[in-house]
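> this one's structure only:
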């Protein structure tokens, strides 16, 4: 059993971490912090946790985070970069679910996130927590930058093609659709039920913060800077991301077989049979990414369909997967979740 | 490990049984039947089960149901009553998720279900599988009539008041709201997304099949025939039942304490603190019933709010709970499910 | 053509008023105020109005409201009571869509709304704008208190029974369900898509502000104080209210005929044939209230089902109906709206 | 006033035609046919039409369609091609909302629609009813092939770029998302609420029937065969299509100005200001197409966002627009509809 703390437990990634960790066989939850809710029962705010989480929220300054083996940051961007250093110095490992340590180029990060970085040195050390790419580095990492939701779905869909040099990497297109929980539990007009229900829209087309993160990952795989058009959309569902990816073929191959081989040993990536159309609900509440590959009308454009639950494989589930790898647990511990359908 | 079979695995209660049984530590799934889908992979129809359920659907006549320790019927009404007898004779225990064995008065059953009953003798033997009422009888039962969804939410909400003789049982009102999955996975116009979404309606007000079932249960508790007005409604969500129950007080008591005591040892009934408003999502995908008690404006009318997931505590989860009791397993085995929120 | 102003045009009742008034044949829109959005194009905030509304939001202190024939207040509670007097003194008629003038008993209003009333004299003068009750008074009114959404659906459903003295008025029950737009366009966590979608809950069971308003209207009809239990619920749809009303019969009558006669000349109340179940979508975006009457199982409890669109007959549409009556227009002018289905 | 008939009034395009035609100032509805519902009141099936449509459904063989000035076919594919000829011979003009006359190449049509064509000669005569392209031909047409929903949104978004020769037409990409009403009012499992809600998926990626229709329209504009990858998706909303279109720039231009000029005189195409993100709800229940143009990160890929209501500009509204043009009415008659938001 390891001791686990969570900084910022009042958002959707926080409550999802709690859902997963509450039943994790190797985990003892010791602290969940919230400045605003300190002293209140966690299960009072989230009645779904009644009977499973007995802790109260603790004030960040009182919480015994230094005694933990690992601390998750489920905070807004800009918090973990201020607190990670002290925890690491105390021997606590850190998994940041926000974006603070995801982008290696500090100037790029500062431009897209609109603040100056408090811990540039830690950015260099941090391991980007996409197990399907960095499993070995994750094992020994002290600090994990847990990937974003769009970046997870998009990279897993594009990687086999790029690693094998089969597509034109100068003009990749990622048309991605997210459920509304991706916007978090902040009180904002555009996330209201009456604004987001029975409605569909693109947003952030001029530029979205996940663009540089995806571009970094794909460029690493390509060995050169890729060109990517990334268009996120908001769809009226709670959970789920569906990435529809377009790439022009430059080298013929058996693409179905290529994906199956690439992910043959991955416990959380499921390549569907040919002609499949993965649904977001087929991964609802589970840590799985399901992928299908199409070549419509036998043309020169490949279409990859990639779905995840944005709160699980796109956030809290992947964070637990990273924790499992870091501590030598079964990678699936606490993550054997049958998707909830319907 | 016991051997388990499912008759009729293509509906929502079927796939929900599979979700729960796939991870149950004491269960080996040996057969799932479907006349129409025989030979097809179960996980082909329900990709959410990929990696968890390897079975193909088998033809009912070929399936090794006689070798099972228990068989669940997740079939339309009228099937189990024809097949249960043979299975019981082979020593197989049976849990029927449909309505065939729920109503003790055969004439009443035949009137509401519009068919003549094929096994009236078994109706007499069958145990109504509401563990909070019949736990001891369930232990030794060969045949369980698993309660309906509305009846589960409604009875659990009314029972403490009726058992304690505190309310006027001649004019109970149950105003219940169900998610659309309650209508099953049948292709019918009124269950289409474009019919049921962004819409709310009552249905079956002149008379709904769950009325006699609820009346039977409450009358047993009251020791006399109760008067009940039951109005079901369809609400645009997938899962969940919310029963709003009204009763006139005839004897004063500490109703909050009464409910807390009644359910103190029940693992799947959670009485909320005073002034609470349980949400259906607080039990989504879990086997819990949450209940709150109100006395608005200090008047003589009590309002009880009772929520369940219609597919879990209202169907498949309760069936697994009954199985656990029948076979002496931990009653919570396979049912430690943190509700999925958001 | 009359000159019309709107105070507070950025909420849902504001944009709905604009939708209706933009095409009203007798109306010229001259001002829409918003402190926060002054100077911005109305159609910039609500692109649905592009091509129909050319006005900019104006600052309340600059807006030519004194030149209007009528001013609508689509503001939070507590605003109209401060500004109505000056407008009335200038000869401008006022329709308040908020609650400031709905409750005749000032002490009751102050208790439920938590503020002291700024214009008690105007409360005495104000006419409660339910045309099916007060049409004649509305014709000559200077100041209209436009009814709340729950009160409209509930009163229209109960009134024929109470006016005819057919039911026990000491224990009426109104179980009402509202779409989320009823909570307004305020940024609040509980109205977020990810909180309200795929979820159902009661709220305000101990006491909701619409309770005294409904009680006042029904008591006037009864000629005595009525007893009412009112339980509002939130259902995951944008628009619509469904009130399920329960009353015990004290005098037999042909209730279907009673309702049909009561509303025979009402352009916006539609009594459905026996055994009907009105759907909220059957009135979506229209000013109609549809009602059905049931007597389940021939018992002594009547069940009345009453549906409206909370933003139309429950707010902006009824306000326009009141305006039509006040200015001697065809009562249906601008309100011939075929409901949008699906 | 013209006499109007509708063949097939029980689907969503049928009821939407009725919603629009019921208030059309130049239209007298004389017949609505349905084989299955003959004799039943139209407003009995669709209570939203109570008070607006008094007709009963008539049997197709008895309906006075030959006396009509125009007949709309709101039928499945393959019906209009069998009945149009006789109507045209009687001097009745015909608008087919299905696909029978949309594809000029009979072999292509027969391949995609899986039947042999009954009236190839009429295909040659039929005018493709996209007013923004064929307004003059529509004026004098006897037979209109009303465009599909995806083709309307996609063509209006791509046309300015293609007509002006600014983009590479060999690799156009249309990633389109539709509400569920696009699947019609047929009882099919995949359109059930519990299947389609809280879910997102692509479908028909190998090939969708709207692909050849879009390709035909764009190829005509380009003067050469275009290459198009078309991926439709199902999104959990009732109405609305959002097409996200990708094209590589081959010739620089002021694209915003280009779109504004192209549609300057179009009453139903609204080009939004730069940096806009049109929402489907901004056209809900209205005949408008709203378009925004983006060039993300200043790259060489243009992104065009185009939204319509699939049942209005994508079906019934466009059909009425065509009727208005054919009969010399104001093109907006009956179509001055403010979108319903929220």
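Yep, that arrived. Note that the structure is predicted; figures quoted are calculated from it, not measured. Residues are numbered from 1 along each chain as shown, chains lettered A, B, ... in the order given.
> got the residues of the stretch 1-150 of chain A near chain B?
With C-beta under 8 Å from any C-beta of the partner chain as the criterion, the stretch 1-150 of chain A comes near chain B at residues A:12, A:15, A:18-19, A:22-23, A:46-52. C-beta here means a position set from N, CA and C on the backbone, and glycine is covered the same way.
> residues touching the residue in the stretch 1-150 of chain A that chain B sits nearest to, list them.
Nearest residue of the stretch 1-150 of chain A to chain B: residue A:48, at 3.8 Å (C-beta to the nearest C-beta). Residues in contact with residue A:48, defined by C-beta atoms under 8 Å, 6 or more residues apart in numbering or on different chains, are A:15, A:19, B:281, B:282, B:283, B:284, B:286, B:338, B:339, B:340, B:341.
> please tell me how far the fourth one sits from chain A.
Relative to chain A, residue B:282 is positioned 4 Å away (criterion: C-beta to the nearest C-beta, to the nearest Å).
> how far away is that residue from residue B:232?
21 Å (C-beta to C-beta, to the nearest Å).
> these two: which has the busier surroundings?
residue B:282 (25 against 22; other C-beta atoms under 10 Å in any protein chain shown).
> isn't that one up against residue A:47?
Yes. Counting by C-beta atoms under 8 Å, residue B:282 does reach residue A:47; the two are 4.3 Å apart.
> quickly list what's touching both of these two.
Joint contacts of residue B:282 and residue A:47 (C-beta under 8 Å, 6+ apart) are residue B:290.
> just the helices in chain A please.
Per DSSP state H, chain A carries helices over the ranges A:12-21, A:42-45, A:80-89, A:106-113, A:120-125, A:131-139, A:149-163, A:193-196, A:210-222, A:255-262, A:317-326.
> and the ones you listed as CSV, adding mean pLDDT, mean neighbour count and distance to residue B:225?
CSV is the format used below for the helices of chain A (pLDDT from 0 to 100; neighbours: other C-beta atoms under 10 Å in any protein chain shown; distance: least, C-beta to C-beta, whole Å):
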stretch, mean pLDDT, mean neighbour count, distance to residue B:225
helix A:12-21, 98, 26, 44
helix A:42-45, 96, 18, 40
helix A:80-89, 98, 19, 64
helix A:106-113, 98, 16, 68
helix A:120-125, 98, 14, 72
helix A:131-139, 98, 17, 62
helix A:149-163, 98, 27, 56
helix A:193-196, 98, 28, 43
helix A:210-222, 98, 22, 63
helix A:255-262, 98, 17, 64
helix A:317-326, 98, 26, 52
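> quick check: residue A:260 touching residue A:269?
No. In this structure residue A:260 lies outside contact range of residue A:269 using C-beta under 8 Å: 10.2 Å.
> overlap in contacts, those two.
With C-beta under 8 Å, 6+ apart, residue A:260 and residue A:269 have no common neighbours.
> neighbour-wise, which of the contacts of residue A:48 leads?
residue B:283 (32 neighbours).
> hmm, residue B:311 and that one touching each other?
No. Between residue B:283 and residue B:311 there is no contact under C-beta under 8 Å: 10.8 Å.
> per-residue pLDDT, residue A:25?
pLDDT, residue A:25: 97.
> farthest-apart pair in the residues of the stretch 1-150 of chain A next to chain B, please.
Using C-beta to C-beta, these span at most 20.4 Å, a distance reached by A:12 and A:51.
> spell out which parts of the stretch 101-250 of chain A neighbour chain D.
Applying C-beta under 8 Å from any C-beta, we find that the stretch 101-250 of chain A lies next to chain D at A:171, A:173, A:175, A:177, A:179, A:194-195, A:197-203, A:205-207, A:211, A:227, A:229-231, A:233, A:235-240, A:242, A:244, A:246, A:248.
> buried subset of the residues you listed?
A:171, A:173, A:175, A:177, A:179, A:194-195, A:197-202, A:205, A:211, A:227, A:229-231, A:233, A:235-240, A:242, A:244, A:246, A:248 (16 or more other C-beta atoms under 10 Å in any protein chain shown).
> hmm, back to that, and chain B, which of the residues of the stretch 101-250 of chain A next to chain D reach it?
Answer for those near chain B (C-beta under 8 Å from any C-beta): A:197, A:198, A:238, A:239.
> just curious, which of those residues is nearest to residue D:138?
Closest to residue D:138, out of all of these and judged by C-beta to C-beta, is residue A:198, at 31.7 Å.
> okay but that closest one is in contact with residue D:279, surely?
No. Using C-beta under 8 Å as the test, residue A:198 is too far from residue D:279 to be in contact (10.3 Å).
> just the strands in chain A please.
A:2-7, A:27-33, A:57-58, A:70-73, A:93-96, A:127-128, A:143-145, A:172-178, A:201-202, A:228-234, A:241-248, A:269-271, A:289-294, A:301-308 (DSSP state E).
> what bridges to the residue nearest to residue A:83 when sequence neighbours are not counted?
In space, and not counting its chain neighbours, residue A:83 is closest to residue A:7: 7.0 Å by C-beta to C-beta, 6 or more residues apart in numbering or on different chains. Beta-bridge partners for residue A:7, by DSSP bridges, are residue A:33, residue A:73.
> cool, residue A:249 as well?
Under the criterion used (DSSP bridges), residue A:249 bridges to residue A:167.
> hmm, it is touching residue A:166, no?
Yes. Under the criterion of C-beta under 8 Å, residue A:249 makes contact with residue A:166 at 6.3 Å.
> what's the pLDDT at the residue lying closest to residue A:176 once chain neighbours are set aside?
Once flanking residues are discounted, residue A:176 sits nearest to residue A:243: 4.5 Å by C-beta to C-beta, 6+ apart. Residue A:243 is assigned 98 on the pLDDT scale.
> enumerate every residue touching residue A:243.
A:150, A:153, A:154, A:157, A:174, A:175, A:176, A:177, A:304, A:305, A:306, A:307.
> distance from stretch A:150-163 to the middle of the chain?
Mean C-alpha position of stretch A:150-163 versus that of the full chain (C-alpha atoms, centre = their mean, to the nearest Å) differs by 13 Å.
> and what of stretch A:331-342?
On C-alpha atoms, centre = their mean, the centre of stretch A:331-342 falls 16 Å from the chain's centre.
> got the end-to-end distance for it?
27 Å (C-alpha to C-alpha, to the nearest Å).
> closest one of the contacts of residue A:243 to chain C?
Distances from chain C to these, taken by C-beta to the nearest C-beta, are shortest for residue A:177, at 14.4 Å.
> let me see the contact set for the closest one.
A:232, A:233, A:234, A:235, A:241, A:242, A:243, A:244, D:177, D:200, D:233, D:235.
> for the residue nearest to residue A:170 when sequence neighbours are not counted, give its distance to chain C.
If the residues on either side of it in the chain are set aside, residue A:170 comes closest to residue A:227, at 4.3 Å by C-beta to C-beta, 6+ apart. Distance of residue A:227 to chain C, given as C-beta to the nearest C-beta: 32 Å.
> one more: residue A:308?
Counting by C-beta to the nearest C-beta - residue A:308 and chain C are separated by 17 Å.
> distance to residue B:296 added to the contacts of residue A:48, as TSV?
Formatted as TSV, the contacts of residue A:48 follow (distance: C-beta to C-beta, whole Å):
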residue	distance to residue B:296
A:15	30
A:19	33
B:281	24
B:282	21
B:283	23
B:284	27
B:286	28
B:338	32
B:339	27
B:340	31
B:341	27
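> residue A:35: neighbour count?
Residue A:35: 11 neighbours (other C-beta under 10 Å).
> so for it, what's the nearest residue that isn't a sequence neighbour?
Using C-beta to C-beta, 6+ apart, the closest residue to residue A:35 is residue A:60 (6.0 Å).
> identify the residues contacting the one you found.
Here residue A:60 is in contact with A:7, A:33, A:34, A:35 (criterion: C-beta under 8 Å, 6+ apart).
> what's it sitting at in phi/psi?
phi -50, psi -40 (degrees, to the nearest 10).
> likewise for the one 4 residues further on?
Backbone dihedrals for residue A:64, given as degrees, to the nearest 10, come out at phi -80, psi 50.
> which residues does the residue nearest to it when sequence neighbours are not counted contact?
Spatially, and ignoring its direct neighbours in sequence, residue A:64 is nearest to residue A:31 (5.6 Å; C-beta to C-beta, 6+ apart). Contact partners of residue A:31, counting by C-beta under 8 Å, 6+ apart, are A:5, A:6, A:55, A:58, A:63, A:64, A:65, A:68.
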